[in-house]
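K.L.:
here is a sequence together with a model predicted from it:
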Amino acid sequence: MSNHQSPFVRPSYETPPENDPQATLRIQEATQRLKQVMEPTLQNNIVSLGMVRNLRVVDDYVYLRLYIGKHQHHLQAEAQQALNGLPWCKKAYVQLCTIPGVRTTLAISSGKGGVGKSTTAVNLAIALTLTGAKVGLLDADIYGPNVPQMLGLGQSNIEVKETPNGQRFSPLEACGVKVMSVGLLAELDRPLAWRGPVLHKILTQFIHEVDWGELDYLLIDLPPGTGDAQITIVQESPICGAIVVTTPQQVAISDVRRGIHLFRQVGVPVLGLIENMSYLICKCCGDRTPIFGEGGTEKLAAELQVPILGQVPLDPRICEGGDSGQPLPIVQPDAVLSQVFQQIAIALNHTFKPNLAVADPIAKC
Ligand SMILES: Nc1ncnc2c1ncn2[C@@H]1O[C@H](COP(=O)(O)OP(=O)(O)OP(=O)(O)O)[C@@H](O)[C@H]1O
């Protein structure tokens, strides 16, 4: 176990010492005030949306970090105003935490490796692009960064620009998606064995120093599990929702349950589950066989009160697409798998970008 404190065991505000009842009360009062600040598109308050973090009260001053998208800067003034209404508050310091140019940051996560998290991230990114959204994909899976290969980028070089604000990485582009990956920094065939501080530095650089331009969505492909790397990313980025990928097997489901609890403890809303490898479609008659079992994800969704966003079939063409860099939603938009991702993309647009239409799937790699 690592020595540093996990944010997952800490609520999104700092707990004052037990012997300071005044600070405890004031944090509660400040939280109540902040709960009155609503995000209009998501129709929820900024506390429940996990945007308020590191809330502290020191004497008569309130400090907090506000993790938001580029279109939500107005929330800073609203949060400040809400806190200024507290009779004891001399000043509220609201520090903005955003990724420049990025509207909505979503995490694609899984409790365990190999369930198809990167496949989901790539296909969802493409599906969102096909609806007309501007999409970036940050492959932060330090244990198996295979997004570049799935998008046909191989071992391309990353361009680094010097700007007045320091270094900026230029993302690559494939199939209309802007891509940055830890895999692009790694030497071919060498294991990625970055340790604590280096890992932290690389991941924070990836979050803050990539020149994404204007994006509707930034999808972050998280490493599997709940280790240091995942904690760093969740802590450092304005993730406004997590999508959790699972498979029907029970063993995957218990890992997913743990992962969901962790997101909830940091205050990041879990948007839903995607069940991958749900069924195999018979080529001859179209019958669906749930070869890894069925019903487990539904039970979990009911238990944890999260929706199932989609059930993705097993499709051998996904491996061919993954290996050749030609994702299925582009080469076979009518395939059931492509359609499932299209539906998920449309559902996300309804929540985060209601003005996006569903465009014809005409993008070419
Ligand atoms: N629905 C599917 N049908 C067929 N093959 C799939 C499907 N989903 C994923 N795969 C294959 O399973 C393998 C693992 O997928 P992927 O790399 O996306 O998993 P992952 O969860 O990201 O793994 P890791 O956590 O180890 O990076 C890949 O070879 C991929 O092509």
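P.N.:
Okay, I see it. Since the model is a prediction, treat every value here as computed from it, not as a measurement. Numbering: from 1, shown residues only.

K.L.:
relative to the ligand, how far out is I99?
P.N.:
With distances taken as C-beta to the nearest ligand atom, to the nearest Å, I99 is found 22 Å from the ligand. Bear in mind the C-beta positions are built from the backbone N, C-alpha and C, glycine included.

K.L.:
could you do T232 as well?
P.N.:
Distance of T232 to the ligand, computed by C-beta to the nearest ligand atom: 17 Å.

K.L.:
what about stretch 68-82, how long is it end to end?
P.N.:
Terminal residues of stretch 68-82 are spaced 17 Å apart (C-alpha to C-alpha, to the nearest Å).

K.L.:
mind listing what's buried in it?
P.N.:
Going by neighbour count (16 or more other C-beta atoms under 10 Å), the buried part of stretch 68-82 is I68, G69, Q72, L75, Q76, E78, A79, Q80, A82.

K.L.:
just give the nearest non-adjacent residue to the last one, would you?
P.N.:
If you skip the residues right next to it in sequence, A82 has R33 as its closest partner in space, 4.4 Å away by C-beta to C-beta, 6 or more residues apart in numbering.

K.L.:
contacts only, for the one you found.
P.N.:
Contact partners of R33, counting by C-beta atoms under 8 Å, 6 or more residues apart in numbering, are A82, L83, G85, L86.

K.L.:
are any of those buried, and which?
P.N.:
With burial judged by 16+ other C-beta under 10 Å, the buried subset of these is A82, L83, L86.

K.L.:
kindly indicate which of the residues you listed lies nearest H208.
P.N.:
L83 (26.1 Å; C-beta to C-beta).

K.L.:
SS state for that closest one?
P.N.:
Using DSSP: H, G, I helix; E, B strand; the rest coil, the secondary structure recorded for L83 is helix.

K.L.:
contacting residues for the closest residue to it other than its chain neighbours?
P.N.:
With sequence-adjacent residues excluded and distances taken as C-beta to C-beta, 6+ apart, L83 is closest to A92, at 3.6 Å. Contact analysis of A92 by C-beta under 8 Å, 6+ apart lists Y61, V62, Y63, L64, A79, Q80, L83, N84.

K.L.:
show me those that map onto helices.
P.N.:
If you go by DSSP state H, the contacts of A92 have A79, Q80, L83, N84 in helices.

K.L.:
these two touch, right, the third one and Q32?
P.N.:
Put plainly, it is L83. No: counting by C-beta atoms under 8 Å, no contact exists between L83 and Q32, whose distance comes to 10.6 Å.
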